[in-house]
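In: Below are the sequence and a predicted model for it; my questions follow.
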Amino acid sequence: MQKIIQLSTQNQNGLYDITKDVKKIVTESNVQTGLVNVYAQGATSAIMIQENWDDSVQRDVISLLRKLIPSGIWEHDAQDNNGDAHLKAGIVGPSETIPIINGKMGLSTWQNIFFCEFDGPRNNRSIVVTISSI
Amino acid sequence: MQKIIQLSTQNQNGLYDITKDVKKIVTESNVQTGLVNVYAQGATSAIMIQENWDDSVQRDVISLLRKLIPSGIWEHDAQDNNGDAHLKAGIVGPSETIPIINGKMGLSTWQNIFFCEFDGPRNNRSIVVTISSI
Amino acid sequence: MQKIIQLSTQNQNGLYDITKDVKKIVTESNVQTGLVNVYAQGATSAIMIQENWDDSVQRDVISLLRKLIPSGIWEHDAQDNNGDAHLKAGIVGPSETIPIINGKMGLSTWQNIFFCEFDGPRNNRSIVVTISSI
């Protein structure tokens, strides 16, 4: 099974929890043992597995990336002023692949799946969810 | 085939070579051409492919991450004082997917699979190994 | 289907666009819905999804990694003087897994697949492309 999750983003940088959306697709697939690949279509976005106890870790992720990859100092900024967004996307990476165990994602208690926006706000971000049975 | 590797960790930060354990599962599976996904269940741990000639690169990984992501300066530290561990886990990522070629993992001579502990010591860390034939 | 892409690299650090080579293998496979895993065999190389509008982002990636992971200051440098290359490879990671949708890779307009060389020049770098149907 392969499905697309679509979402809009409200800020330039932000993490959006898509765990429930992915879970729903895994359940629909009826796959008991396998893998689910979650892929962000967008060269200024990414997928990160991260804690979701409260919003603090998500804000820390944005602070960290801003510190490591400041905006406004890149060669690519001469084109469209979003060099930092491309670099953040490249370092975090567009996808994660998660095991399916007994029909459920093998996430630990605190692992959630986040879409990372680095060049928002955007009206229409797409995430491809691909499920394979083994 | 899907199996769980379990291990205990001795230090707060440490890399543990699990290549032999994954190899054993790949051999047992009898898959000749395919993929093996190695997934760390834990929001303060990760999987990294890295050299294993001696322990120096592993110590360098820990030094680098400590330098880039210092402890004690994150908003999440107000909750449980391990903000740096979550950030390290998010940046390195919980999984790697490796090709199986002629029944063996397609690692190069110096590529080994490491479990990365960022919030140890822990008695019981779990890594899910999922093998798919193509 | 599983195939090897081979390439030579000209610089110590460089990004090489392999999107066309991977595309060709995906087309040959005739897989309509599935996943393609792209894996760099080499502990001082990596795979990154990144923009390819012009060369600026690729140069920015090299500048960023040089800034975050300077050369010549690592314990492993006592062995073979390439500690930074191993650390860059470990952080970026050796593989990416991309969905196949209607027989084509589900890359967005600006997403391209790059082989990252961190310890070149090398005569013979190998990248394993593994395609699975779902």
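Out: Great, that's in hand.

In: The element among helices and strands of chain A having the smallest mean pLDDT close to chain C?
Out: Across the helices and strands of chain A, mean confidence by mean pLDDT, DSSP states H and E is lowest for helix A:77-80: a mean of 92. Yes: for helix A:77-80, a contact with chain C is found by CB under 8 Å from any CB of the partner chain, at A:A78, A:Q79. Quick note: C-beta positions are derived from backbone N, CA and C, even for glycine.

In: likewise stretch A:30-44?
Out: Yes: against chain C, stretch A:30-44 shows contacts by CB under 8 Å from any CB at A:N37, A:Y39, A:Q41, A:G42, A:A43.

In: What count of nearby residues applies to A:I127?
Out: 25 (other CB atoms under 10 Å in any protein chain shown).

In: what does A:E75 give?
Out: 15.

In: need the contact list for it.
Out: Contact analysis of A:E75 by CB atoms under 8 Å, 6 or more residues apart in numbering or on different chains lists A:G83, C:S56, C:V57, C:R59, C:D60, C:S63.

In: Among those, find me the one that's closest to chain B.
Out: Closest approach between the contacts of A:E75 and chain B, by CB to the nearest CB: C:S63, at 15.9 Å.

In: In the host helix or strand of the closest one, which residues are buried?
Out: Secondary structure from DSSP states H and E places C:S63 in helix C:56-68. Neighbour-count burial for helix C:56-68, counted by 16 or more other CB atoms under 10 Å in any protein chain shown, picks out C:S56, C:V57, C:Q58, C:R59, C:D60, C:V61, C:I62, C:S63, C:L64, C:L65, C:L68.

In: A:M1 reaches A:V128, doesn't it?
Out: No: at 11.3 Å, A:M1 does not count as touching A:V128 under the criterion of CB atoms under 8 Å.

In: which one of those two has more residues nearby?
Out: Of the pair A:M1 and A:V128, A:V128 is the one with more neighbours under other CB under 10 Å, namely 21 against 16.

In: Restrict the helix or strand where that one lies to CA atoms and write it as CSV.
Out: Using DSSP H and E, A:V128 falls within strand A:125-133. Listed next in CSV are the C-alpha coordinates belonging to strand A:125-133 (Å, rounded to 0.1, in the frame of the first residue of the first chain):
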residue,chain,number,x,y,z
ARG,A,125,3.4,19.6,1.6
SER,A,126,3.3,15.9,0.6
ILE,A,127,4.6,12.9,2.4
VAL,A,128,4.6,9.5,0.7
VAL,A,129,4.0,6.5,3.0
THR,A,130,5.0,3.1,1.4
ILE,A,131,4.3,-0.1,3.2
SER,A,132,5.9,-3.4,2.4
SER,A,133,5.1,-6.8,3.8
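
In: what's in contact with the helix or strand where A:M48 lies?
Out: Element membership for A:M48 (DSSP H and E) is strand A:45-50. Contact partners of strand A:45-50, identified using CB under 8 Å, 6+ apart, comprise A:15, A:38-40, A:57-58, A:61, A:88-89, A:92-96, A:98, A:107, A:111-119, A:125, A:127, B:43, B:86, B:89-90, B:93-94.

In: and A:F118, how many residues sit next to it?
Out: Neighbour tally, A:F118, other CB under 10 Å: 25.

In: What residues does A:N123 make contact with?
Out: Per CB under 8 Å, 6+ apart, neighbours of A:N123: A:S8.

In: so it sits in a strand?
Out: No: checked against DSSP: H, G, I helix; E, B strand; the rest coil, A:N123 lies outside a strand; its state is coil.

In: Kindly list the main-chain dihedrals of it?
Out: With angles defined as degrees, to the nearest 10, A:N123 sits at phi -80, psi -30.

In: Compute the distance between it and A:L7, please.
Out: Look at A:N123 and A:L7: by CB to CB, to the nearest Å, they are 10 Å apart.
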